[in-house]
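In: My questions concern the predicted model and sequence given below.
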Amino acid sequence: MMIETDQRKLGATGITVPALGIGTWSWGDTGLWGYGKSFTRDDITQAYKLCLDNGLNFFDTAEIYGKGESERILGECQRQDGRPILIASKFAPLPERFSSKQLLDALDASLARLGVEQIDLYQIHWPFTFLSINGLMDVLAEAVRSGKVRAVGVSNYSARQMRQAHARLARHDIPLASNQVEYSLLHRNPEAKGVLEACRQLDVALIAYSPLAKGVLTGKYRPGKETLPSWQRRMMSNLGNKQQQKMEPLFAAMEAAAQAHDKTLAQVALNWLLATDAHVIPIPGAKTIRQAQENAGALGWRLSDAEYTSIARAMQS
(Lines give C-alpha, C1' and ligand atoms only; values in the text may rest on other atoms or scores of the structure.)
Protein backbone atom coordinates (compact mmCIF):
# COMPACT_ATOMS: atom_id res chain seq x y z
CA MET A 1 0.00 0.00 0.00
CA MET A 2 1.21 3.48 -0.78
CA ILE A 3 -0.26 6.94 -0.83
CA GLU A 4 2.68 9.16 0.04
CA THR A 5 1.52 12.31 -1.67
CA ASP A 6 -1.53 13.80 -3.30
CA GLN A 7 0.26 13.94 -6.65
CA ARG A 8 0.79 11.11 -9.11
CA LYS A 9 2.93 10.60 -12.20
CA LEU A 10 1.27 10.14 -15.57
CA GLY A 11 3.33 7.09 -16.38
CA ALA A 12 6.86 7.85 -17.63
CA THR A 13 5.85 11.08 -19.37
CA GLY A 14 7.28 13.44 -16.75
CA ILE A 15 3.81 14.95 -16.30
CA THR A 16 2.53 15.14 -12.73
CA VAL A 17 -1.20 15.33 -11.98
CA PRO A 18 -3.32 15.39 -8.82
CA ALA A 19 -3.85 11.93 -7.36
CA LEU A 20 -7.54 12.43 -8.07
CA GLY A 21 -8.82 13.57 -11.44
CA ILE A 22 -12.33 14.76 -12.31
CA GLY A 23 -14.54 12.97 -14.81
CA THR A 24 -16.83 15.11 -16.98
CA TRP A 25 -18.89 12.41 -18.70
CA SER A 26 -22.10 13.98 -17.36
CA TRP A 27 -21.33 17.56 -18.44
CA GLY A 28 -23.72 18.53 -21.21
CA ASP A 29 -25.30 15.05 -21.39
CA THR A 30 -29.07 15.58 -21.45
CA GLY A 31 -29.98 11.92 -21.90
CA LEU A 32 -28.32 9.56 -19.47
CA TRP A 33 -27.21 12.15 -16.92
CA GLY A 34 -30.04 14.71 -17.17
CA TYR A 35 -28.04 17.87 -17.80
CA GLY A 36 -30.39 20.85 -17.62
CA LYS A 37 -32.83 18.97 -15.38
CA SER A 38 -31.09 17.39 -12.38
CA PHE A 39 -28.14 19.80 -12.62
CA THR A 40 -27.36 22.99 -14.50
CA ARG A 41 -24.52 24.86 -16.16
CA ASP A 42 -24.21 26.97 -13.00
CA ASP A 43 -23.85 23.80 -10.91
CA ILE A 44 -20.93 22.76 -13.13
CA THR A 45 -19.28 26.18 -12.78
CA GLN A 46 -19.46 25.99 -8.98
CA ALA A 47 -18.14 22.41 -8.97
CA TYR A 48 -15.30 23.38 -11.31
CA LYS A 49 -14.21 26.28 -9.11
CA LEU A 50 -14.30 24.20 -5.95
CA CYS A 51 -12.18 21.51 -7.62
CA LEU A 52 -9.49 24.07 -8.48
CA ASP A 53 -9.71 25.63 -5.01
CA ASN A 54 -8.73 22.19 -3.67
CA GLY A 55 -5.93 21.61 -6.16
CA LEU A 56 -7.92 19.22 -8.35
CA ASN A 57 -7.10 20.56 -11.81
CA PHE A 58 -6.94 17.36 -13.91
CA PHE A 59 -10.13 16.98 -15.96
CA ASP A 60 -11.04 14.03 -18.19
CA THR A 61 -13.44 14.53 -21.10
CA ALA A 62 -14.11 13.02 -24.55
CA GLU A 63 -15.44 14.07 -27.92
CA ILE A 64 -18.54 11.86 -27.50
CA TYR A 65 -19.50 13.10 -24.03
CA GLY A 66 -22.67 15.13 -24.52
CA LYS A 67 -21.94 15.05 -28.27
CA GLY A 68 -19.07 17.48 -27.74
CA GLU A 69 -20.76 19.59 -25.08
CA SER A 70 -18.52 18.29 -22.30
CA GLU A 71 -15.43 19.61 -24.10
CA ARG A 72 -17.12 22.93 -24.85
CA ILE A 73 -18.22 23.42 -21.23
CA LEU A 74 -14.79 22.49 -19.89
CA GLY A 75 -13.16 25.00 -22.24
CA GLU A 76 -15.60 27.70 -21.19
CA CYS A 77 -14.94 27.00 -17.50
CA GLN A 78 -11.20 27.30 -18.04
CA ARG A 79 -11.50 30.60 -19.90
CA GLN A 80 -13.93 32.07 -17.37
CA ASP A 81 -11.87 30.99 -14.35
CA GLY A 82 -8.42 31.65 -15.80
CA ARG A 83 -6.47 29.19 -13.66
CA PRO A 84 -4.37 26.56 -15.48
CA ILE A 85 -5.72 23.03 -15.74
CA LEU A 86 -4.63 19.69 -17.19
CA ILE A 87 -6.95 18.28 -19.84
CA ALA A 88 -7.40 14.68 -20.94
CA SER A 89 -9.68 13.89 -23.87
CA LYS A 90 -10.37 10.91 -26.10
CA PHE A 91 -10.70 9.91 -29.74
CA ALA A 92 -13.69 7.68 -30.52
CA PRO A 93 -12.74 5.00 -33.10
CA LEU A 94 -16.26 4.78 -34.50
CA PRO A 95 -17.17 2.24 -37.23
CA GLU A 96 -17.32 4.97 -39.88
CA ARG A 97 -13.72 5.95 -39.14
CA PHE A 98 -11.73 3.66 -41.40
CA SER A 99 -8.53 5.70 -41.56
CA SER A 100 -6.32 6.39 -38.57
CA LYS A 101 -5.62 9.78 -40.17
CA GLN A 102 -9.15 10.74 -39.16
CA LEU A 103 -7.79 10.88 -35.62
CA LEU A 104 -5.95 14.08 -36.52
CA ASP A 105 -9.18 15.68 -37.76
CA ALA A 106 -10.97 14.62 -34.57
CA LEU A 107 -8.11 16.02 -32.51
CA ASP A 108 -8.42 19.38 -34.25
CA ALA A 109 -12.17 19.38 -33.57
CA SER A 110 -11.58 18.63 -29.87
CA LEU A 111 -8.97 21.40 -29.65
CA ALA A 112 -11.49 23.82 -31.21
CA ARG A 113 -14.29 22.85 -28.80
CA LEU A 114 -11.93 23.14 -25.83
CA GLY A 115 -10.48 26.40 -27.14
CA VAL A 116 -6.89 25.29 -26.49
CA GLU A 117 -3.82 24.67 -28.65
CA GLN A 118 -2.67 21.54 -26.82
CA ILE A 119 -4.30 18.63 -24.98
CA ASP A 120 -2.24 17.22 -22.10
CA LEU A 121 -3.39 13.61 -22.53
CA TYR A 122 -5.09 12.27 -25.67
CA GLN A 123 -6.50 8.75 -25.44
CA ILE A 124 -8.05 6.12 -27.71
CA HIS A 125 -11.50 5.64 -26.18
CA TRP A 126 -11.89 1.88 -26.78
CA PRO A 127 -10.07 -0.95 -28.58
CA PHE A 128 -13.00 -2.26 -30.64
CA THR A 129 -12.41 -0.76 -34.07
CA PHE A 130 -11.52 -1.47 -37.69
CA LEU A 131 -8.36 0.53 -37.06
CA SER A 132 -5.22 -1.30 -35.95
CA ILE A 133 -3.55 -0.56 -32.64
CA ASN A 134 -0.25 0.01 -34.43
CA GLY A 135 -1.80 2.46 -36.89
CA LEU A 136 -3.48 4.40 -34.11
CA MET A 137 -0.27 4.58 -32.08
CA ASP A 138 1.67 5.81 -35.12
CA VAL A 139 -0.80 8.67 -35.59
CA LEU A 140 -0.79 9.47 -31.88
CA ALA A 141 2.98 9.80 -32.15
CA GLU A 142 2.44 12.20 -35.06
CA ALA A 143 0.06 14.21 -32.86
CA VAL A 144 2.74 14.47 -30.18
CA ARG A 145 5.35 15.58 -32.70
CA SER A 146 2.97 18.26 -33.99
CA GLY A 147 2.80 19.79 -30.50
CA LYS A 148 -0.98 19.39 -30.30
CA VAL A 149 -0.70 16.64 -27.67
CA ARG A 150 1.68 16.32 -24.71
CA ALA A 151 1.09 12.66 -23.85
CA VAL A 152 -0.93 9.75 -25.20
CA GLY A 153 -2.94 6.99 -23.59
CA VAL A 154 -5.53 4.31 -24.23
CA SER A 155 -8.85 3.40 -22.62
CA ASN A 156 -10.56 0.07 -22.01
CA TYR A 157 -7.52 -1.81 -23.35
CA SER A 158 -6.70 -5.30 -22.07
CA ALA A 159 -3.24 -6.05 -20.69
CA ARG A 160 -2.25 -7.58 -24.03
CA GLN A 161 -3.57 -4.64 -26.03
CA MET A 162 -1.84 -2.07 -23.84
CA ARG A 163 1.44 -3.99 -24.11
CA GLN A 164 1.13 -3.80 -27.89
CA ALA A 165 0.36 -0.09 -27.76
CA HIS A 166 3.30 0.47 -25.40
CA ALA A 167 5.68 -1.41 -27.70
CA ARG A 168 4.53 0.46 -30.82
CA LEU A 169 4.89 3.87 -29.17
CA ALA A 170 8.36 2.89 -27.98
CA ARG A 171 9.42 2.81 -31.65
CA HIS A 172 8.73 6.55 -31.64
CA ASP A 173 10.47 7.04 -28.26
CA ILE A 174 7.11 8.01 -26.76
CA PRO A 175 5.87 6.41 -23.51
CA LEU A 176 2.34 5.10 -23.12
CA ALA A 177 1.06 7.42 -20.41
CA SER A 178 -2.09 5.66 -19.26
CA ASN A 179 -4.82 3.08 -19.63
CA GLN A 180 -8.23 4.31 -18.50
CA VAL A 181 -10.41 1.44 -17.33
CA GLU A 182 -13.36 0.88 -15.02
CA TYR A 183 -12.04 0.18 -11.53
CA SER A 184 -13.77 0.30 -8.17
CA LEU A 185 -14.43 -1.87 -5.15
CA LEU A 186 -17.32 -3.36 -7.13
CA HIS A 187 -15.37 -3.76 -10.36
CA ARG A 188 -11.95 -5.24 -9.73
CA ASN A 189 -11.29 -6.71 -13.18
CA PRO A 190 -8.08 -4.67 -13.57
CA GLU A 191 -6.64 -6.78 -10.76
CA ALA A 192 -8.03 -10.10 -12.00
CA LYS A 193 -7.27 -9.55 -15.68
CA GLY A 194 -3.68 -8.38 -15.27
CA VAL A 195 -4.20 -4.76 -16.29
CA LEU A 196 -3.01 -3.31 -13.00
CA GLU A 197 0.05 -5.58 -13.02
CA ALA A 198 0.86 -4.54 -16.60
CA CYS A 199 0.61 -0.88 -15.55
CA ARG A 200 3.11 -1.57 -12.77
CA GLN A 201 5.51 -3.40 -15.09
CA LEU A 202 5.36 -0.84 -17.90
CA ASP A 203 5.12 2.24 -15.65
CA VAL A 204 1.74 3.26 -17.05
CA ALA A 205 -0.89 5.16 -15.05
CA LEU A 206 -4.20 3.37 -14.47
CA ILE A 207 -6.90 6.02 -14.71
CA ALA A 208 -9.89 4.56 -12.88
CA TYR A 209 -13.28 5.62 -14.24
CA SER A 210 -16.54 4.97 -12.39
CA PRO A 211 -14.57 4.63 -9.12
CA LEU A 212 -17.82 4.97 -7.16
CA ALA A 213 -19.68 2.45 -9.38
CA LYS A 214 -22.10 5.08 -10.73
CA GLY A 215 -22.94 6.23 -7.21
CA VAL A 216 -23.55 2.79 -5.71
CA LEU A 217 -20.51 3.01 -3.42
CA THR A 218 -21.85 6.20 -1.85
CA GLY A 219 -24.33 3.95 -0.06
CA LYS A 220 -27.37 5.85 -1.24
CA TYR A 221 -28.93 2.78 -2.90
CA ARG A 222 -28.67 0.49 0.12
CA PRO A 223 -31.86 -1.35 1.13
CA GLY A 224 -34.24 1.05 2.82
CA LYS A 225 -32.73 4.08 1.13
CA GLU A 226 -33.10 5.46 -2.39
CA THR A 227 -34.35 3.11 -5.09
CA LEU A 228 -32.02 2.16 -7.88
CA PRO A 229 -31.81 4.72 -10.68
CA SER A 230 -33.15 4.41 -14.23
CA TRP A 231 -32.71 1.13 -16.10
CA GLN A 232 -29.69 2.50 -17.96
CA ARG A 233 -27.72 3.21 -14.81
CA ARG A 234 -28.96 0.01 -13.15
CA MET A 235 -27.62 -1.91 -16.12
CA MET A 236 -24.29 -0.07 -15.99
CA SER A 237 -23.85 -0.58 -12.24
CA ASN A 238 -24.85 -4.27 -12.57
CA LEU A 239 -26.59 -4.13 -9.24
CA GLY A 240 -29.64 -6.23 -8.50
CA ASN A 241 -31.45 -6.87 -5.21
CA LYS A 242 -29.39 -9.97 -4.38
CA GLN A 243 -26.16 -8.13 -5.07
CA GLN A 244 -27.35 -5.29 -2.84
CA GLN A 245 -27.76 -7.72 0.07
CA LYS A 246 -24.34 -9.26 -0.57
CA MET A 247 -22.77 -5.81 -0.39
CA GLU A 248 -23.80 -5.16 3.21
CA PRO A 249 -20.56 -6.64 4.68
CA LEU A 250 -18.62 -4.29 2.41
CA PHE A 251 -20.62 -1.28 3.54
CA ALA A 252 -20.13 -2.32 7.17
CA ALA A 253 -16.35 -2.40 6.70
CA MET A 254 -16.42 0.91 4.84
CA GLU A 255 -18.62 2.49 7.52
CA ALA A 256 -16.20 1.50 10.27
CA ALA A 257 -13.35 3.22 8.40
CA ALA A 258 -15.51 6.24 7.57
CA GLN A 259 -16.40 6.78 11.23
CA ALA A 260 -12.78 6.36 12.32
CA HIS A 261 -11.61 9.09 9.93
CA ASP A 262 -14.75 11.26 9.95
CA LYS A 263 -15.23 10.61 6.23
CA THR A 264 -18.07 9.49 3.94
CA LEU A 265 -18.43 6.10 2.27
CA ALA A 266 -17.55 7.68 -1.08
CA GLN A 267 -14.35 9.15 0.34
CA VAL A 268 -13.41 5.76 1.77
CA ALA A 269 -14.05 4.07 -1.59
CA LEU A 270 -11.82 6.59 -3.39
CA ASN A 271 -9.10 6.42 -0.73
CA TRP A 272 -9.10 2.63 -1.02
CA LEU A 273 -8.28 2.90 -4.72
CA LEU A 274 -5.55 5.46 -4.04
CA ALA A 275 -4.03 3.15 -1.42
CA THR A 276 -4.02 0.18 -3.81
CA ASP A 277 -1.16 1.40 -5.98
CA ALA A 278 0.65 4.64 -6.81
CA HIS A 279 -0.16 4.08 -10.50
CA VAL A 280 -3.93 4.43 -9.85
CA ILE A 281 -5.61 7.80 -10.52
CA PRO A 282 -9.38 7.70 -9.86
CA ILE A 283 -11.55 10.16 -11.80
CA PRO A 284 -14.92 10.47 -10.04
CA GLY A 285 -17.49 12.72 -11.65
CA ALA A 286 -18.32 16.16 -10.26
CA LYS A 287 -21.44 17.85 -11.60
CA THR A 288 -22.39 19.68 -8.40
CA ILE A 289 -20.48 21.50 -5.66
CA ARG A 290 -21.47 18.79 -3.18
CA GLN A 291 -19.86 16.08 -5.30
CA ALA A 292 -16.76 18.21 -5.80
CA GLN A 293 -16.44 18.73 -2.04
CA GLU A 294 -16.85 15.02 -1.41
CA ASN A 295 -14.17 14.14 -3.98
CA ALA A 296 -11.69 16.57 -2.44
CA GLY A 297 -12.23 14.97 0.96
CA ALA A 298 -10.81 11.68 -0.33
CA LEU A 299 -7.32 13.21 -0.21
CA GLY A 300 -5.05 14.28 2.64
CA TRP A 301 -5.47 11.14 4.77
CA ARG A 302 -5.08 7.39 4.40
CA LEU A 303 -6.74 4.17 5.41
CA SER A 304 -4.75 2.02 7.82
CA ASP A 305 -3.43 -1.28 6.51
CA ALA A 306 -6.00 -3.10 8.63
CA GLU A 307 -8.88 -0.99 7.29
CA TYR A 308 -7.69 -1.46 3.71
CA THR A 309 -7.51 -5.23 4.12
CA SER A 310 -10.86 -5.43 5.90
CA ILE A 311 -12.59 -3.58 3.07
CA ALA A 312 -10.86 -5.66 0.38
CA ARG A 313 -11.83 -8.93 2.04
CA ALA A 314 -15.43 -7.85 2.69
CA MET A 315 -16.04 -7.51 -1.04
CA GLN A 316 -14.46 -10.87 -1.82
CA SER A 317 -16.52 -12.75 0.75
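Out: Everything's here; your move. All of these numbers come straight from a predicted model, not from anything done at the bench. Numbers count the residues shown, from 1 in each chain.
In: Every contact and neighbour count from this point should use C-alpha atoms.
Out: Noted.
In: All the helices of the chain, residue numbers only.
Out: 41-53, 69-81, 102-114, 133-145, 159-170, 189-192, 195-202, 231-237, 241-246, 248-261, 265-276, 289-296, 305-316 (DSSP state H).
In: Comparing the ones you listed by mean pLDDT, which bottoms out?
Out: Lowest mean pLDDT within the helices of the chain: helix 231-237, at a mean of 51.
In: most packed of the helices of the chain?
Out: helix 265-276 (a mean of 24; mean count of other CA atoms under 10 Å).
In: Would you mind listing the outside residues contacting that helix?
Out: 1-3, 19, 184-185, 211-212, 217-219, 251, 254-255, 257-258, 280-282, 294-295, 297-299, 302-303, 308 (CA atoms under 8 Å, 6 or more residues apart in numbering).
In: Please produce a PyMOL select command covering the buried subset of the residues you listed.
Out: Only the buried entries of the contacts of helix 265-276 go into this PyMOL selection, using 16 or more other CA atoms under 10 Å:
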select buried, resi 3+19+184+185+211+212+217+218+219+251+254+255+257+258+280+281+282+294+295+297+298+299+302+303+308
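In: still on that earlier bit, dump the helices of the chain into JSON lines; add distance to Q123 as well.
Out: As requested, the helices of the chain are exported to JSON lines (distance: least, CA to CA, whole Å):
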{"stretch": "helix 41-53", "distance to Q123": "22"}
{"stretch": "helix 69-81", "distance to Q123": "14"}
{"stretch": "helix 102-114", "distance to Q123": "10"}
{"stretch": "helix 133-145", "distance to Q123": "9"}
{"stretch": "helix 159-170", "distance to Q123": "11"}
{"stretch": "helix 189-192", "distance to Q123": "18"}
{"stretch": "helix 195-202", "distance to Q123": "16"}
{"stretch": "helix 231-237", "distance to Q123": "22"}
{"stretch": "helix 241-246", "distance to Q123": "33"}
{"stretch": "helix 248-261", "distance to Q123": "33"}
{"stretch": "helix 265-276", "distance to Q123": "22"}
{"stretch": "helix 289-296", "distance to Q123": "23"}
{"stretch": "helix 305-316", "distance to Q123": "30"}
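In: Identify whichever of those lies nearest to T30.
Out: helix 69-81 (9.9 Å; CA to CA).
In: and the closest one with helix 41-53, angle?
Out: When axes from the mean of the first three to the mean of the last three CA atoms, to 10 degrees is applied, the directions of helix 69-81 and helix 41-53 differ by 60 degrees.
In: Show me what helix 69-81 is packed up against.
Out: Packing contacts for helix 69-81, counted by 3 or more CA pairs under 8 Å, 6 or more residues apart in numbering; DSSP states H and E, involve helix 41-53, helix 102-114.
In: For these, give me JSON lines that also has distance to Y157.
Out: What follows is these, written out as JSON lines (distance: least, CA to CA, whole Å):
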{"stretch": "helix 41-53", "distance to Y157": "29"}
{"stretch": "helix 102-114", "distance to Y157": "18"}
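In: quick one: which of those is nearest M315?
Out: Across these (criterion: CA to CA), the nearest stretch is helix 41-53, sitting at 30.0 Å.
In: Show me what stretch 252-260 is in contact with.
Out: Under CA under 8 Å, 6+ apart, the answer for stretch 252-260 is 263-265, 267-269, 303, 307, 310-311, 314.
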